[in-house]
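**Q** let me see the structure of the following:
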Amino acid sequence: MSGAGQGAAREAGATRAVPDNAVPENVTPDGATPQEATRAVPEETVLHAVDGGVRWITLNRPEAMNAVTWDQRERIITLLADASADPAVRAVVLTATGRGFCAGADLRGAPAPSGERVPGDVARMIRLGAQRLVAAVLDCEKPVIAAVNGTAAGLGAHLAFACDLVLAADSAKFVEVFVRRGLVPDGGGAYLLPRLVGPQRAKELMFFGDALTAADAERMGLVNRTVPAGRLTALAGEWAGRLAEGPTRALALTKQLVNASLDSDRATAFAAEAAAQEINMTTRDAREGVASFVERRTPKYRGG
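**A** Prediction:
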């Protein structure tokens, strides 16, 4: 993000109430500059719990439309990495409180830059900020469901689109807000959107920055299901529960194959598929799946 963009974000002042299709003016759509520092994030701004094999990660800054601070971003990345490594976690739900899912990134909590900006600073900021967050979702070894409860703008929209499955409340909106600020999309937007809706639709969304309703997002293929707001959490729990009862390693390998498929030629994709089958057949869950088929019973997957 440019220096001018950061200045505008700082000058806008405190977050105020906004309509559902708007974005708080003090929030920028890209990531904040991380510096070598470790700071504790207040637990109440990123709620998390594991229930029935599902890790729930909930953004909890409703007064700021859940714009992500530097600390929150680092916490989410850590929680997703922990979910990958924890055998007790077999699926992840990413959601938020209030009327906003995520209105982008809030720079106010970012470490202050030291000295004058030099060439490479902006690229480094994006690489270590917004791109790391989106990559953490894409690289998580467990299936990640976005339960989009409200406005998802800028980085917030890309955070949702990076998830493996996207559920949205019928009141939710998606906004490619970058063009409104004179900025280039970041957080993987130009990578994710063409793969989801094709280049022409992606350009339309990014060139105009119009708010997209949840129903229109579903029709375009950006959202799997649109439901009444009061039904969103229950449906996310149902889907996540089904994933948590599934063959965890097979799901992880399937995610890797699908995510890599659009970057691969046929020979590479077929080789990756064969290798994934080889790896998966060493798991207990694969053996259980075959045995349950032969024995004509419901399989009981343990995640190993």
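
**Q** what residues does stretch 294-304 touch?
**A** Contact partners of stretch 294-304, identified using CB atoms under 8 Å, 6 or more residues apart in numbering, comprise 53, 87, 90, 245-249, 283-285, 288-289, 291-293. Every residue, glycine included, has its C-beta placed from N, CA and C.

**Q** ok, now with 10 Å
**A** The contact list for stretch 294-304 (CB atoms under 10 Å, 6 or more residues apart in numbering) reads 53, 87-90, 142, 244-251, 283-286, 288-293.

**Q** which of those fall within helices?
**A** With helices taken from DSSP state H, the overlap with the contacts of stretch 294-304 comprises 244, 248-251, 284-286, 288-293.

**Q** quick check on Cys163: phi, psi?
**A** phi -70, psi 160 (degrees, to the nearest 10).

**Q** surely it meets Ala157?
**A** No. Taking contacts as CB atoms under 10 Å, Cys163 lies outside contact range of Ala157: 11.2 Å.

**Q** now do the shared contacts for the two.
**A** Counting by CB under 10 Å, 6+ apart, the shared contacts of Cys163 and Ala157 are Val148.

**Q** look at those two and report which has more neighbours.
**A** Ala157 (32 against 22; other CB atoms under 10 Å).

**Q** got the contact list for that one?
**A** Applying CB under 10 Å, 6+ apart, the residues near Ala157 are 29, 101-104, 148, 151, 173-178, 185, 187, 189, 192-193, 205, 212, 217, 222.

**Q** CA atoms only for the host helix or strand of it, dumped as CSV, please.
**A** Take DSSP states H and E as the rule and Ala157 turns out to sit in helix 155-161. This file holds the C-alpha atoms of helix 155-161, laid out as CSV (Å, rounded to 0.1, in the frame of the first residue of the first chain):
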residue,chain,number,x,y,z
LEU,A,155,-8.5,-8.3,2.4
GLY,A,156,-11.6,-9.5,4.2
ALA,A,157,-13.2,-10.7,0.9
HIS,A,158,-10.0,-12.5,-0.1
LEU,A,159,-9.8,-14.1,3.4
ALA,A,160,-13.2,-15.6,2.7
PHE,A,161,-12.4,-16.6,-0.9
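
**Q** circling back to that earlier point, just the ones in helices among the contacts of stretch 294-304 now: which is nearest Met125?
**A** Leu251 (33.4 Å; CB to CB).

**Q** check contacts around the residue lying closest to that closest one once chain neighbours are set aside.
**A** Closest residue to Leu251 apart from its sequence neighbours, by CB to CB, 6 or more residues apart in numbering: Pro143 at 5.6 Å. Applying CB under 10 Å, 6+ apart, we find Pro143 in contact with 54, 90-93, 163-165, 239-240, 242-244, 246, 248, 251-252, 254-255.

**Q** quick one: Val89 and Ala252 touch, right?
**A** No. The criterion here is CB under 10 Å, and Val89 misses it with Ala252 at 11.7 Å.

**Q** circling back: just the buried ones out of the ones in helices among the contacts of stretch 294-304, please.
**A** Neighbour-count burial (16 or more other CB atoms under 10 Å) applied to the ones in helices among the contacts of stretch 294-304 gives Ala244, Thr248, Arg249, Ala250, Leu251, Asp285, Ala286, Glu288, Gly289.

**Q** spatially nearest residue to the third one (excluding sequence neighbours)?
**A** Okay, so that is Arg249. Thr283 is the one closest to Arg249 (CB to CB, 6+ apart), at 4.8 Å.

**Q** part of a strand, is Ala190?
**A** No. Ala190: not assigned to a strand; according to DSSP: H, G, I helix; E, B strand; the rest coil it is helix.

**Q** near it, how many other residues are there?
**A** 16.

**Q** now distance to Gly230 and pLDDT too, for the ones in helices among the contacts of stretch 294-304, in a markdown table please.
**A** Formatted as a markdown table, those follow (distance: CB to CB, whole Å; pLDDT from 0 to 100):
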| residue | distance to Gly230 | pLDDT |
| --- | --- | --- |
| Ala244 | 23 | 97 |
| Thr248 | 30 | 96 |
| Arg249 | 35 | 96 |
| Ala250 | 33 | 97 |
| Leu251 | 29 | 97 |
| Arg284 | 39 | 95 |
| Asp285 | 35 | 93 |
| Ala286 | 39 | 93 |
| Glu288 | 37 | 93 |
| Gly289 | 36 | 95 |
| Val290 | 41 | 93 |
| Ala291 | 41 | 93 |
| Ser292 | 36 | 94 |
| Phe293 | 39 | 94 |
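
**Q** adding distance to Trp70, write the residues you listed out as a markdown table.
**A** Below are the ones in helices among the contacts of stretch 294-304 laid out as a markdown table (distance: CB to CB, whole Å):
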| residue | distance to Trp70 |
| --- | --- |
| Ala244 | 31 |
| Thr248 | 32 |
| Arg249 | 34 |
| Ala250 | 36 |
| Leu251 | 31 |
| Arg284 | 41 |
| Asp285 | 38 |
| Ala286 | 41 |
| Glu288 | 43 |
| Gly289 | 43 |
| Val290 | 47 |
| Ala291 | 49 |
| Ser292 | 47 |
| Phe293 | 49 |
